[in-house]
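Enquirer: Model the structure of this input:
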Amino acid sequence: MRYIAAFIASLITLTPMLASADQIADLQAQILLLSQQLAAMQQQGAPTGCPTITAPIGPGSSGPNVTTLQQFLARDRNIYPEAQITGYYGTLTTTAVQRFQAKYNIVSSGSPSTTGYGRVGPKTMDVINSMCGAASNDVGAFMQVSPTSGDTPLEVVIQVTVNATNSCAAATYKLDYGDQSPVQTIQVPSGVCQPLQQTYRHTYTKSALYQIKLSSGSHSSQAEVVAQ
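Expert: Predicted coordinates for the structure are as follows:
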């Protein structure tokens, strides 16, 4: 990249010394083309941007979705220290996704094909989109529910992460268990500019399909629990 920049500079320096108008026009066209190529290379290497991941991707994938995923991961050097923006989902990207999943309590063991560890599936997509504020139902929060099915009485553990967008403003979140029990209110004080985690336990005594909803204002995210 630095060689292209140096060549552009040399062309600019030499241009006034050339007498031919055709040569000057040709050199100016080359300078424009090389400048565009340099800008594209710089943009490709920049670990900026926050993607909207619209479909699952995993090892072996390639294309724009992988590029934007790598740009997102590269914002945190502890997660993706190599920061290589290649558009190919290889070993480095898989390892970076695993670090991301472990950091945000999505999954921390297994493999891409068994537990999704190292693969961007629905849960990892939701967390990334929530952190980016990209999803239409985003509240800057997400939750992990376990188990999601079982015999009654069914006790579930709900790990909630709020303020995933690192906002410094005060916010109120509500956790509705979906069975007409009291709604849990979660407060984020002003000046807390990092994610907060809370763990809740709830028992379902009747067989039904329940919608657990985490909301803030008119925005919400949901998870399903089947009590049998």
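
Enquirer: Outline the domain layout of the protein.
Expert: 2-45, 64-132, 142-227 (automatic domain parsing).

Enquirer: Kindly reformat those as JSON lines containing mean pLDDT and distance to residue 55.
Expert: Quick note: C-beta positions are derived from backbone N, CA and C, even for glycine. Below are these laid out as JSON lines (pLDDT from 0 to 100; distance: least, Cβ to Cβ, whole Å):
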{"stretch": "domain 2-45", "mean pLDDT": "51", "distance to residue 55": "22"}
{"stretch": "domain 64-132", "mean pLDDT": "88", "distance to residue 55": "7"}
{"stretch": "domain 142-227", "mean pLDDT": "88", "distance to residue 55": "18"}
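
Enquirer: now the helices for this protein?
Expert: With DSSP state H as the criterion, the chain has helices at 2-14, 21-45, 64-73, 91-103, 122-132.

Enquirer: Can you say which of the domains of the chain is nearest to residue 58?
Expert: When these are compared by Cβ to Cβ, domain 64-132 sits nearest residue 58, at 3.7 Å.

Enquirer: re earlier: deepest-packed of the domains of the chain, please.
Expert: Neighbour counts (mean count of other Cβ atoms under 10 Å) averaged over each of the domains of the chain peak at domain 64-132, with a mean of 18.

Enquirer: any idea how far residue 56 is from the closest residue to residue 55 other than its chain neighbours?
Expert: Nearest residue to residue 55 in three dimensions, chain neighbours excluded: residue 65, at 6.8 Å (Cβ to Cβ, 6 or more residues apart in numbering). Separation of residue 65 from residue 56 (Cβ to Cβ, to the nearest Å): 10 Å.

Enquirer: Between those two, which contacts overlap?
Expert: Taking Cβ atoms under 8 Å, 6 or more residues apart in numbering as the contact rule, residue 65 and residue 56 touch no residue in common.

Enquirer: quick one: contacts for the most centrally placed residue in the chain?
Expert: Residue closest to the mean C-alpha point of the chain, counted by Cα atoms, centre = their mean, is residue 128 at 2.6 Å. Shown in contact with residue 128 (Cβ under 8 Å, 6+ apart): 51, 53, 69, 72, 120.

Enquirer: let's go with 6 Å and repeat that
Expert: Residues near residue 128 by Cβ atoms under 6 Å, 6 or more residues apart in numbering: residue 53.

Enquirer: so how far is residue 107 from it?
Expert: Using Cβ to Cβ, residue 128 is found at 14 Å from residue 107.

Enquirer: try residue 119
Expert: Distance, residue 119 to residue 107, using Cβ to Cβ: 9 Å.

Enquirer: what do you get for residue 217?
Expert: For residue 217, the distance to residue 107 (Cβ to Cβ) stands at 29 Å.

Enquirer: before we move on, what about residue 115?
Expert: Distance, residue 115 to residue 107, by Cβ to Cβ: 5 Å.

Enquirer: Equivalent analysis for residue 56, please.
Expert: With distances taken as Cβ to Cβ, residue 56 is found 14 Å from residue 107.

Enquirer: what does residue 122 give?
Expert: Distance, residue 122 to residue 107, by Cβ to Cβ: 12 Å.

Enquirer: I'd guessed residue 210 sits against residue 225; true?
Expert: Yes: counting by Cβ atoms under 6 Å, residue 210 touches residue 225, with 4.6 Å between them.

Enquirer: can you pull the contacts of residue 226?
Expert: With contact set as Cβ under 6 Å, 6+ apart, residue 226 has these partners: 149, 209.
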